[in-house]
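**Student:** Make a model of this:
(3 chains)
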Amino acid sequence: MERQINMLGKLSFTAIVFVMIVSLNAWAEAASPTPAPTDFRAFWKDGLRYETEDKNFTLKFGGRIMNDWAWMSEDAALRADVGNQEDGTEFRRARLYTSGQIYGNVEYKLQFDFAGGDADLKDAYLGLKDFPVGSIRAGHFKEPFGLEELTSSKYITFLERALPMEAFAPSRNTGVMLYGSALAASPPRMTWAAGVFRDTDDYGEGQADGAYNFTGRLTFLPRNENDGASLVHVGASYSHRSGGPRRFRSRPEAHLFDRFVDTGTFASTSADLVGLEAAWVAGPLSIQGEYVFANAEVASQANFDGYYIQASYFLTGEHRKYKPSAGAFDRVKPKENFGFSKGGRGAWEIAARYSALDLNDSPTPGGKLSNITAGLNWHLNPNMRMMWNYVHADKDAVGNADILMMRLQIDF
Amino acid sequence: MERQINMLGKLSFTAIVFVMIVSLNAWAEAASPTPAPTDFRAFWKDGLRYETEDKNFTLKFGGRIMNDWAWMSEDAALRADVGNQEDGTEFRRARLYTSGQIYGNVEYKLQFDFAGGDADLKDAYLGLKDFPVGSIRAGHFKEPFGLEELTSSKYITFLERALPMEAFAPSRNTGVMLYGSALAASPPRMTWAAGVFRDTDDYGEGQADGAYNFTGRLTFLPRNENDGASLVHVGASYSHRSGGPRRFRSRPEAHLFDRFVDTGTFASTSADLVGLEAAWVAGPLSIQGEYVFANAEVASQANFDGYYIQASYFLTGEHRKYKPSAGAFDRVKPKENFGFSKGGRGAWEIAARYSALDLNDSPTPGGKLSNITAGLNWHLNPNMRMMWNYVHADKDAVGNADILMMRLQIDF
Amino acid sequence: MERQINMLGKLSFTAIVFVMIVSLNAWAEAASPTPAPTDFRAFWKDGLRYETEDKNFTLKFGGRIMNDWAWMSEDAALRADVGNQEDGTEFRRARLYTSGQIYGNVEYKLQFDFAGGDADLKDAYLGLKDFPVGSIRAGHFKEPFGLEELTSSKYITFLERALPMEAFAPSRNTGVMLYGSALAASPPRMTWAAGVFRDTDDYGEGQADGAYNFTGRLTFLPRNENDGASLVHVGASYSHRSGGPRRFRSRPEAHLFDRFVDTGTFASTSADLVGLEAAWVAGPLSIQGEYVFANAEVASQANFDGYYIQASYFLTGEHRKYKPSAGAFDRVKPKENFGFSKGGRGAWEIAARYSALDLNDSPTPGGKLSNITAGLNWHLNPNMRMMWNYVHADKDAVGNADILMMRLQIDF
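**Tutor:** Sure, this is the predicted structure:
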């Protein structure tokens, strides 16, 4: 690190942000006076919301609770490999958040997950909504990679995301992202997103000279009819990761148990991730699949990959809801909310998934794992669901395990 | 653990929950359409509350602060036994929470205590209110055991609960509970509760093969007149605890200081707890007592017990408020709120308690402790109080200590 | 510690509080009935606010996000002295809070900072507003010392407070404070505050026999015209610290990097701090400076000091906002809020600061550090700003470093 020229180099990141902003400042023409104190309307819409009449200020306060129970039965060979696994219960997620849009053009979100006793920083960002090209967002949020990764844990079909997502998807880091939608007005037929990120820990902190990641995603809707009841989604993500040692690993789609496959930490100057995704909604039936390929720079190249394919079916006739502006799936609304004295039976959904992950190409082979999952979801109302998953996990050349899981979930 | 039959056994818990739900599903008849976005009325009622006109959606956001100051003077013999105790201050509780009822029949609560720097999960549950038999609740909440334990820390008469409560009451764990009230409509004359729980840590996590606890409680009101100003409460609790090693211990009813009696951890396959409780309210005077007996399976049986008796008197004429649907005491409402320029003097309450705890029957005797406490409470308004306690703690055959404590408390 | 007389001594603190309260109780005359459940008006005013019509109940829920990015280039000599410093990003502050006034005379605030993964207790207090002499506040909050320390981190001109503030200002501890304002009604020309505090950790906990601190502050406004656009502020603070070992240290006004000067922990029975402060607002220009002197009791006396002087100028014509009742600076309101499609350019502010700190007089000399900082602030609207700081830090007789920092900030 030669100091004389380096400070100039380090100036570049802020300079780019700064010049971009100042030059764009020329767009700004007429002055709008600061709005007078404005009264809120408070109402329920999948949670507590506030809105001023001109919609310049909209706020939300809420949270989510996911209480999981899990039981595992593993064979002796697998137990010898990964250690004894005890049944148990945990709060998979216990979150509070607030989000909003203020002054008509600024958005923010601040969300903490307190499960496990520490304050994991989840979404913590601010952004400008009417940026000349799309929107801009800065802070701690999910890198744009992968359909299932970008679908909220509130709306995924199974208790856990598929093996390749857990092993490869970058998830939340701190950075700056440009994003938008296009091809049609409302709903759009395409979304795009691209950003620069630093790897950060669970609390949004990261320190490493010169380590930046570039991640982008493109999605399209070749078909979107009947308010999403007939829909085809395709998309692709790419990420270049620099700096630091590297590690890929995964649990068997059950968070209470240990990781079954793990490359261990190995030296690697950079890595590239490619993700391909597709989903099809045909009324109550939906099919979704993704493939992720990872290449890590080591002495020689190391290649890893994984994929999953899943199908779900609503016995009660609902369809999986898709959010075109996000390019991801959204909240299920039962046709009837559940209730004993009055009310109906909620929405009932059955689902199956096959997922596979190959982590064998690292300096110390990480193992191959495949899972078959059967799922049953009971959506009592738009904000509450119970989920049951039966997972058969097979670690190649080692052994297998059967896992039963139950989740109680509410968000507001 | 024989794997072939074990998975069937493990299926039982979820199967019971599932079959119960599906069969009860038959109750559900008519479909109620999902309510349209609904406007909230926001108002103050011991905190910030939201309510839709049809009361299908009611929400609350709030918290509590308890700032404690404590000074201790112990004799040399006790100091040699439990170590030097320094005066100090702490936030005994610093909590944020949200709770509510949504869609007319679903309740939730999410509450964290951040005192001490970590996020202790307190109440985190969801439930169905119009279950055919009473209500059902699942998640992390207090096992139904003991009058003082089930009375909120906001409403207990002294800074700390009595010795036998701290030593024996299971407090919060993760489980499923059925509960309800009976014998009369409003207010009810009886409450019942029964549940299955797993032992969990402060964050709602617990892993141990086959370790479940069963806990239940029954309470009656032989007398309830003048809006609770003349009331007699009796009740009994029972808990069977399985799994794991065991430990009973207690501080001297002062949280800033060390535990004076402690059995240490000892092997024990199971334990049974029995609690008996009674309370009498006669206008400003109230008397309350409990007895707890604990039996732990060790090489031979080990028996422990403890009890307390307390009395309080409102100098300003209020009476302790009882909540019949919970079978526990509730918020005191001063006749006059305190204020200098306008307003009155708040409510003033004096109280005394004697409590005793015998932990000597464990493999390593844990000691015997008795406390005498004098208390003075100043309720400035329904949401704020100051408390002073003077505790004389006597450890049998060791020595004694005098403790002075002060608490500043607000909740909203 | 002679036990017989000591308990009397320990009684004194609560006795004083108690006697003060009971005697003041005589002020209370007429009884005001508990207010009926009262409807809130919810509105935006720099955040979400609730207010009953009679203003007896006013509540606020909100938070703040500060996402920092920092790059440092240090010379070899400094690197050898303080270790290698890596570039990075962090959430400097990530807070949630609620505050309010209830029953017309009681105020409370509960605020947590979750940055770094633990729940740091920030403001957690309750108070009486219409105390016969000013107001009284008890709990965890900032000791009244120093203009920049008492100006919220949301409103300070640079990313970090100046060196002497970080090294010497007591910041938040647990105690009881009397405070008020005088000399003129609205706005007042003078503020005063005095309190007794215990040193506490980040979570509001502290235990040490007999260790209390006394801190007070006086401020005056010789000039306050044009709604604060022409203003002169002068003030002085004093603090006596008893008990425990002592340590003074400071980072180079950049939180992501290590401390450059540090006395280490040294034995010291007590210390005295004196702070002098002045600020001048002349329209868009403001100048502010402070001097802090610290004397610690060691074998011989040890003296430390530090000072800073800063100037800022609003290119867009705003002026720094001062809050007379707090004796500290407040939120900047841009003349035009920023927006691309509609709206203006926000407020742009340039600033410079020189600060110096001398920690050399301790048993192990702590070092001398001076910083020169250039700053640029872009206030997009009253609740959001971006900040850039360039810091040149010079450690006397060792070496120097150049630091570039950027902050994204929003509060609500």
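**Student:** CA only for contacts and neighbour counts going forward, please
**Tutor:** Will do.
**Student:** from the stretch 301-412 of chain A, which residue is nearest to chain C?
**Tutor:** Nearest residue of the stretch 301-412 of chain A to chain C (CA to the nearest CA) works out as residue A:412 at 16.6 Å.
**Student:** err, the stretch 251-400 of chain A, not the other one
**Tutor:** For the stretch 251-400 of chain A, CA to the nearest CA, closest residue to chain C: residue A:269, 17.4 Å.
**Student:** So that residue versus residue A:219, what's the distance?
**Tutor:** The gap separating residue A:269 from residue A:219 is 29 Å, by CA to CA, to the nearest Å.
**Student:** Compare these two and say which is more crowded by neighbours.
**Tutor:** It is residue A:219, of residue A:269 and residue A:219, that has more neighbours when counted by other CA atoms under 10 Å in any protein chain shown, with 25 against 16.
**Student:** what's near enough to touch that one?
**Tutor:** A:190-192, A:233-236, A:327 (CA atoms under 8 Å, 6 or more residues apart in numbering or on different chains).
**Student:** before we move on, which element is the nearest residue to it once chain neighbours are set aside in?
**Tutor:** With sequence-adjacent residues excluded and distances taken as CA to CA, 6 or more residues apart in numbering or on different chains, residue A:219 is closest to residue A:235, at 4.0 Å. Using DSSP states H and E, residue A:235 maps to strand A:230-242.
**Student:** Can you name the residues of the stretch 101-250 of chain A sitting close to chain C?
**Tutor:** A:103, A:105, A:108, A:110, A:118-121, A:124-126, A:130-132, A:138-139, A:174, A:198, A:200, A:202-210 (CA under 8 Å from any CA of the partner chain).
**Student:** Neighbouring strands - and their directions - for the helix or strand residue A:286 falls within?
**Tutor:** Element membership for residue A:286 (DSSP H and E) is strand A:285-297. If you go by DSSP bridges, strand A:285-297 pairs up with strand A:270-282 (antiparallel), strand A:301-314 (antiparallel).
**Student:** can you give me how far it is from the chain middle?
**Tutor:** 14 Å (CA atoms, centre = their mean, to the nearest Å).
**Student:** re the thing from before, the residue of the stretch 301-412 of chain A closest to chain C: neighbour count?
**Tutor:** Neighbour number of residue A:412 under other CA under 10 Å is 24.
**Student:** Tell me who's in contact with it.
**Tutor:** Contacts of residue A:412 (CA under 8 Å, 6+ apart): A:46-48, A:62-64, A:383.
**Student:** How about residue A:271?
**Tutor:** Neighbours of residue A:271 in contact, by CA under 8 Å, 6+ apart: A:240-242, A:294-297.
**Student:** and these, which two are the farthest apart?
**Tutor:** A:242 and A:294 (13.3 Å; CA to CA).
**Student:** if we can go back for a sec, pairing partners for the following helix or strand past the strand holding residue A:235, with directions?
**Tutor:** Per DSSP H and E, the first helix or strand lying C-terminal to strand A:230-242 is strand A:249-250. Sheet pairing for strand A:249-250, assigned by DSSP bridges, gives strand A:261-262 (antiparallel).
**Student:** Identify the residue nearest residue A:350 in space, chain neighbours excluded?
**Tutor:** residue A:376 (4.6 Å).
**Student:** who's that neighbour bridged to?
**Tutor:** residue A:350, residue A:388.
**Student:** do the same with the one 5 residues further on
**Tutor:** In this structure, residue A:381 has beta-bridge partners residue A:384, where bridges are defined by DSSP bridges.
**Student:** what about it, how many residues close to it?
**Tutor:** By other CA under 10 Å, the burial measure for residue A:381, its neighbour count, is 25.
**Student:** Now that it has come up, it's in contact with residue A:345, right?
**Tutor:** No. When contacts are counted by CA atoms under 8 Å, residue A:381 is not listed as touching residue A:345 (9.2 Å).
**Student:** So what's the predicted local confidence for residue A:263?
**Tutor:** Note on residue A:263: pLDDT of 96.
**Student:** Residue B:378 versus that one, what's the distance?
**Tutor:** 62 Å.
**Student:** Could you do residue A:93 as well?
**Tutor:** Residue A:93 is 39 Å from residue B:378, by CA to CA.
**Student:** repeat for residue A:134
**Tutor:** 58 Å.
**Student:** Quick check on the two: which one has the bigger neighbour count.
**Tutor:** Between residue A:134 and residue B:378, counted using other CA under 10 Å, the more crowded position is residue B:378 (20 against 15).
**Student:** Pull the contacting residues for the more buried one.
**Tutor:** Per CA under 8 Å, 6+ apart, neighbours of residue B:378: B:346-349, B:385-387.
**Student:** Check which helices and strands the longest strand seen in chain A sits against.
**Tutor:** When chain A is parsed with DSSP state E, its longest strand is strand A:58-74. Identification of packing neighbours for strand A:58-74 by 3 or more CA pairs under 8 Å, 6 or more residues apart in numbering or on different chains; DSSP states H and E yields strand A:48-52, strand A:88-102, strand A:399-411, helix B:3-24.
**Student:** what about the helix or strand following it and chain B, any contact?
**Tutor:** Later in the chain than strand A:58-74, the nearest helix or strand by DSSP H and E is helix A:76-82. No. Contact between helix A:76-82 and chain B is absent, the nearest approach being 9.4 Å (criterion: CA under 8 Å from any CA).
**Student:** pLDDT on helix A:76-82, on average?
**Tutor:** 94.
**Student:** Okay, buried residues for that helix please.
**Tutor:** Neighbour counts over helix A:76-82 (16 or more other CA atoms under 10 Å in any protein chain shown) mark A:78-79 as buried.
**Student:** chain center to it: distance?
**Tutor:** Distance, centroid of helix A:76-82 to centroid of chain: 31 Å (CA atoms, centre = their mean).
**Student:** what do you get for stretch A:373-381?
**Tutor:** With CA atoms, centre = their mean, you get 20 Å for stretch A:373-381.
**Student:** what's the model's confidence in it, averaged?
**Tutor:** pLDDT averaged over stretch A:373-381 gives 97.
**Student:** Next: stretch A:56-65.
**Tutor:** On average, stretch A:56-65 scores 95.
**Student:** Can you give the distance from that stretch to the centre of its chain?
**Tutor:** 19 Å.
**Student:** I would like the residues contacting it, please.
**Tutor:** So stretch A:56-65 is contacted by A:47-52, A:91-105, A:408-412, B:98, B:110, B:124-125, C:44 (CA under 8 Å, 6+ apart).
**Student:** mind listing what the residue nearest to residue A:219 touches?
**Tutor:** Residue A:235 sits in contact with A:147, A:217-220, A:276-278, where contact means CA under 8 Å, 6+ apart.
**Student:** Fine, thanks again, bye for now.
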